[in-house]
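Student: Have a look; sequence and predicted model below, questions after that.
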Amino acid sequence: MADALRPQMTRATASIVRRVQDAVPEHAAADGTRRHRLFIAAARAAAQVFLDGAARRPEHAQQVDEIFRGLGYAQGRREGSRESMDAAMHAAMQCSWRYLADFAVDHDLSSAALRELADALFDFLAHLHRLLGEGFDLAQDARGRDPGAARVRLFRLLRGTADRSAPGHAHRLDERELRDLAELARWPLPARVVALAIGHDHDAPAIPPSPNLLIQAHPGHVLVVCPAEMHAPFVQQIMRSSSGPRIARSWPVTVVETGAALRWCQRALDLVRAGVIPPTPVIDCAEHATQLWLHAESSLRRHLCQQVLRPLLAEPANSRAILSETLLAWAETRESARALATRLGVHPQTVRYRWKRINELLGDSLRDPDVVLQMTLVLKASVPLWTKGDQSDFDLARVN
């Protein structure tokens, strides 16, 4: 029977690999890719050894053992899950057995021979499964001793942290895991850190290696976690050594607030690109905390804008621009028409005319302190966007 199966081995192994990749998305790979070819080669080698063993010719068993141990090792090194590896092996076992059972029935194999075939197949697949596990465990152990891998995991842990003062927040920093990873990563755990987002248009800035820095590169920006006492000279060094980077930096925070601080810095770079924050070389998040807060949830800003400024949004573009500028100046200062005129660079009578139109549009809302506060916040967040040409608020007003 082993000899009869050999001519069909190519088609059978391709079917088994396809079944595994359909069943377990983590192992999916397009036909012809290196990953797909690797799986096909492993399946064919395993089938060859199984058939050789059935025919008492196990010449290539050691090679297959190394292949499957290597597959498990690769899964562990790429931080894949053991569960997906187990699921892949289960799918391979089901597909292999169905194929062999159908073949046995077509060739009138006796029930005793079929039981013997089943025992041999399941023993062999269990052996391959153990090899995958051995390789996976070896990779996990190696990763645990690798400072570079530990730093990647440490950065991921810190990015996922939330302000522990937030009541009922689902994510909490595991302090024991933090200490263990910091030790493995050889990162001296600081009392306070400063988060940095370094934006660049072309090549990423050269950052000198330092055991005190945690670094994660992304397209268009690099994230850095730096001990608070070291961040000022580090920023100066980056500005001197690179051409045209833009650095957003947080205020000093505790380690458990690192994830929030990194989000502030990334948002600051986004707001510079949107024209909300001036494009200075170094952006201090502390100086723009209100804008960072107001733009933390764009859909909520848009909703509040529709709610408190709807009559203003319906004005023609030129009228809307000058009225919103005047309303914001009044909301921020509550000054007289003459003082507002000086601030805006127009004649006091112009301010009075604008204010008359604002009253016609917003009426009693201007005498409600809560609504005025909401208007102030929405205008501070929205006027810079409107000035840069963002039309989304007005488009939404027309739809609604």
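Tutor: The structure has been received and is ready for your questions. Because the structure is predicted, anything quoted here is derived from the model rather than measured.

Student: what residues does stretch 19-39 touch?
Tutor: Contacts of stretch 19-39 with the rest of the structure, by CB atoms under 8 Å, 6 or more residues apart in numbering, involve Val17, Leu71, Gly80, Ser81, Ser84, Ala87, Ala88, Ala91, Ala92, Gln94, Cys95. In short, each C-beta sits where N, CA and C put it, glycine included.

Student: make that stretch 191-202, sorry
Tutor: So stretch 191-202 is contacted by 204-205, 207, 220-228, 231, 234-235, 238, 242, 244-255, 258, 261-262, 264-266, 268-269, 272 (CB under 8 Å, 6+ apart).

Student: ok, Ala261 to Asp102 distance?
Tutor: Note on Ala261: its distance to Asp102, by CB to CB, to the nearest Å, is 60 Å.

Student: Same question for Arg192.
Tutor: Taking CB to CB, one finds Arg192 at 66 Å from Asp102.

Student: Kindly report the same for Val253.
Tutor: From Val253 across to Asp102, the span is 63 Å (CB to CB).

Student: for His127, same thing?
Tutor: The value you get for His127 to Asp102, if CB to CB is used, is 23 Å.

Student: The two: which has the busier surroundings?
Tutor: His127 (16 against 10; other CB atoms under 10 Å).

Student: Got the confidence number for that one?
Tutor: On the pLDDT scale, His127 is placed at 91.

Student: what packs against the helix or strand hosting it?
Tutor: Element membership of His127 [criterion: DSSP states H and E] is helix 111-144. If you count contacts as 3 or more CB pairs under 8 Å, 6 or more residues apart in numbering; DSSP states H and E, helix 111-144 packs onto helix 34-54, helix 61-77, helix 82-106, helix 147-159.

Student: Of all these, which one is nearest Leu131?
Tutor: Closest approach to Leu131 among these is made by helix 61-77 (4.0 Å; CB to CB).

Student: what's in contact with that closest one?
Tutor: Contacts of helix 61-77 (CB under 8 Å, 6+ apart): 38, 41-42, 45-46, 48-49, 52-53, 82, 84-85, 128, 131-140, 142-143.

Student: Show me this protein divided up by domain.
Tutor: 2-144, 192-294, 298-399 (automatic domain parsing).

Student: Need the winner for burial among the ones you listed.
Tutor: domain 192-294 (a mean of 18; mean count of other CB atoms under 10 Å).

Student: low-scoring stretches of this structure, by residue?
Tutor: The chain contains residues with pLDDT under 70 at 54-60, 142-145, 161-174, 242-243, 395-400.

Student: all strands for it, in order.
Tutor: 192-199, 214-218, 221-227, 246-249, 253-254, 282-284 (DSSP state E).

Student: where does the longest one sit relative to the chain's centre, distance-wise?
Tutor: It refers to strand 192-199. 17 Å (CA atoms, centre = their mean, to the nearest Å).

Student: Which strands border that strand, and is each parallel or antiparallel?
Tutor: strand 221-227 (antiparallel), strand 246-249 (antiparallel), strand 253-254 (antiparallel) (DSSP bridges).

Student: unless I'm mixing things up, Leu313 is touching Ser392, no?
Tutor: No - using CB atoms under 8 Å, Leu313 makes no contact with Ser392, being 10.9 Å away.

Student: thinking Ser382 is in contact with His303, fair?
Tutor: No - the criterion here is CB under 8 Å, and Ser382 misses it with His303 at 11.9 Å.

Student: just to revisit the earlier point, the domains of the chain: which one's closest to Arg151?
Tutor: Comparing the domains of the chain against Arg151 with CB to CB, the closest turns out to be domain 192-294 (6.2 Å).
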